[in-house]
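Q: Predicted structure and sequence below. I'll ask about it afterward.
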Amino acid sequence: MSPEAILADLVACADLPGGSNASVAGCVQHHLRRAGLDPVVLTGPEGDRVNILATIGPRDVPGVILSGHMDVVSTEGQVWASDPFRLTARDGRLYGRGTTDMKGYLACMLAMIPELQAAGLQRPVHLAFSYDEEIGCRGVPHLIAALPGLIAPPAACIVGEPSGMRPVLSHKGKQATALVLTGRAAHSSQPEAGLNANYAGAEILLAIRDLNARLAGEGPFDSRFSPPHSTVVAGVVRGGTAVNIIPDRCEIQFEVRTIPGDDPAAITAHVIQAARALVPDRALSASHHELSAYPALPPGDDPQLADLLTRLTGHEALQSVSYGTEAGLFDAAGIPAIICGPGEIARAHRPDEFILPSELAECCAMMRGLARHLSAG
């Protein structure tokens, strides 16, 4: 089947992160088995979603992983010109949720199976499909943990996030945290009878602002990134239930994005310490929990993978991107990783997301070249 036909099947699966992915995982398995592969289905600890791994070529020698996530973001609140969960061809474009991020890459992986099988691979290609990437790369760590029992240590991983088919060498790491301050409710006519959690939250917000300014001014710095330093940003604040009630709860969700070598947990700890400093004086309590996290992808020391992808795609490597991917997790597990996939990240998560047929063709050409490389031994 063509990548466009397979993409239509994948787009029709409306599975969102945080819930069952039975529909899209079933579709992926159907195409794998239709091509004669026997995929390994790895159920996550949640019980209702799975990672999938399929191998073409010998399992007992190091090969290359082609990796992509099956989940897509919601279309809630977006106005589309066509059904987002039905692939629609219009004006030379293929519209649908996930066409660029990143079911287009998955469609190419599946469409190229017959050519990979016919290539006489001396080193294998592993097709990896993960879940819940869009809510913090939650699924792929379980897949990575299972790899030693399934295949020889991989030589490399190509994560197909949309990069315009330019090889991408690095990205920042991320840790997102929810901080909850608990006070005491009272009637607003007697504010001294309560403990206003919102006031403490306001001071924490200022502390986050000031910490971000300090990172911008003092570093550490890495000029390969924009901005060239780590950042901390408060993104969500929730507090209070009614204007005439002293709020007894304030939740602040904040995220840290770090350059390689900087520790996101250390920056998060600064915010938590600031919160705890407020607690003893005000009889408040503070708690926190991690929402999501993934490590930075540092530029690799060995240029061979970047050189290979540059040769296969015809595009010079891009030093870094501002978004995060599962590539950092593969790299942290000792598997050299690079980002390279069809489409542009600017189209992702937006209404009328689309991909071009020529971009799918370019991705398939890259995989075809990879097959030749791995067939040469």
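A: Nice, thanks for sending it over.

Q: Only C-alpha atoms from now on, for both contacts and neighbour counts.
A: OK.

Q: hey, which helix or strand in the chain has the poorest pLDDT?
A: helix 264-282 (a mean of 85; mean pLDDT, DSSP states H and E).

Q: helices and strands around that one, which ones?
A: Applying 3 or more C-alpha pairs under 8 Å, 6 or more residues apart in numbering; DSSP states H and E, one finds that helix 264-282 makes contact with strand 173-182, helix 197-218, strand 249-258, strand 285-294.

Q: can you tell me which of these comes nearest to Glu133?
A: Closest of these to Glu133 is strand 285-294, at 9.9 Å (criterion: C-alpha to C-alpha).

Q: Can you tell me what sits against that closest one?
A: Contacts to strand 285-294, defined as C-alpha atoms under 8 Å, 6 or more residues apart in numbering, come from residues 135-138, 173-183, 272, 275-276, 279, 324-326, 328-329.

Q: Could you rerun that using 7 Å?
A: 135-137, 173-183, 275-276, 279, 328-329 (C-alpha atoms under 7 Å, 6 or more residues apart in numbering).

Q: Could you give the number of residues near Val125?
A: Look at Val125: counted by other C-alpha atoms under 10 Å, it has 28 neighbours.

Q: ok, it - contacts?
A: Thr55, Ile56, Gly57, Gly63, Val64, Ile65.

Q: Is the first one in a helix, a strand, or coil?
A: The reference is to Thr55. strand (DSSP: H, G, I helix; E, B strand; the rest coil).

Q: Look up which residues are beta-bridged to it.
A: For Thr55, the beta-bridge partners under DSSP bridges are His126.

Q: pretty sure it is touching His126, no?
A: Yes: in terms of C-alpha atoms under 7 Å, Thr55 counts as a neighbour of His126; the distance is 4.4 Å.

Q: Please list all residues in contact with Leu116.
A: Ala371.

Q: repeat that with 8 Å
A: Ile56, Val125, Arg368, Ala371.

Q: Over the helix or strand where it lies, what's the mean pLDDT, rounded is fine.
A: Element membership for Leu116, per DSSP states H and E: helix 113-118. Here helix 113-118 scores 97 as its mean pLDDT.

Q: again with stretch 140-157
A: The pLDDT scores in stretch 140-157 average 97.

Q: And it, end to end?
A: In stretch 140-157, first residue to last residue: 13 Å (C-alpha to C-alpha, to the nearest Å).

Q: Now tell me what touches it from outside.
A: By C-alpha under 8 Å, 6+ apart, stretch 140-157 touches 42, 44, 51-52, 59-67, 130-131, 133, 305, 326-327, 329-330, 333, 335-338.

Q: What is the burial count for Ser189?
A: 10.

Q: Tell me the spacing between the nearest residue to it once chain neighbours are set aside and Cys27.
A: Closest residue in space to Ser189, ignoring its immediate chain neighbours: Asn244 at 7.5 Å, by C-alpha to C-alpha, 6 or more residues apart in numbering. As judged by C-alpha to C-alpha, Asn244 and Cys27 stand 52 Å apart.

Q: what's the answer for Ala376, then?
A: Between Ala376 and Cys27 the distance is 32 Å, computed by C-alpha to C-alpha.

Q: cool, and His289?
A: 34 Å.

Q: who's more crowded, the two?
A: Counted by other C-alpha under 10 Å, His289 and Cys27 do not tie: Cys27 has more neighbours, with 15 against 11.

Q: was I right about the more buried one contacting Leu7?
A: No: between Cys27 and Leu7 there is no contact under C-alpha atoms under 8 Å: 10.4 Å.

Q: Can you list phi and psi of the closest residue to Glu359 other than its chain neighbours for me?
A: Nearest residue to Glu359, sequence neighbours excluded (C-alpha to C-alpha, 6+ apart): Pro342, at 5.4 Å. Per-residue torsions, Pro342: phi -80, psi 160 (degrees, to the nearest 10).

Q: List the contacts of Pro342.
A: Pro342 is in contact with 100, 104-105, 160-165, 355, 359-360, 362-363, counting by C-alpha under 8 Å, 6+ apart.

Q: at 10 Å instead, please
A: The contact partners of Pro342, taken as C-alpha atoms under 10 Å, 6 or more residues apart in numbering, are 99-105, 108, 160-166, 355-364.

Q: Look up how far Leu356 lies from it.
A: Between Pro342 and Leu356 the computed distance is 9 Å (C-alpha to C-alpha).

Q: now do Pro148
A: For Pro148 relative to Leu356 (C-alpha to C-alpha), the value is 37 Å.

Q: got it, and Ile151?
A: Distance from Ile151 to Leu356, counting by C-alpha to C-alpha: 34 Å.

Q: Please verify my assumption that Val41 contacts Ala54.
A: Yes: using C-alpha atoms under 10 Å, Val41 is in contact with Ala54, at 8.8 Å.

Q: Which neighbours do the two have in common?
A: Gln29, Phe129.

Q: now stretch 101-116, how far from the centre of its chain.
A: In terms of C-alpha atoms, centre = their mean, to the nearest Å, the centre of stretch 101-116 is found 19 Å from the chain centre.

Q: Give the buried residues for it.
A: For stretch 101-116, a neighbour-count test (16 or more other C-alpha atoms under 10 Å) marks 101-113, 116 as buried.

Q: repeat for stretch 369-377
A: For stretch 369-377, by 16+ other C-alpha under 10 Å, it's Gly369, Leu370, Ala371, His373, Leu374, Ser375.

Q: first to last residue in stretch 133-145, what's the distance?
A: 16 Å.

Q: Helices along the chain, start to end?
A: Under the criterion DSSP state H, the chain contains helices at 3-11, 22-34, 104-111, 113-118, 140-146, 197-218, 264-282, 304-313, 327-332, 357-375.
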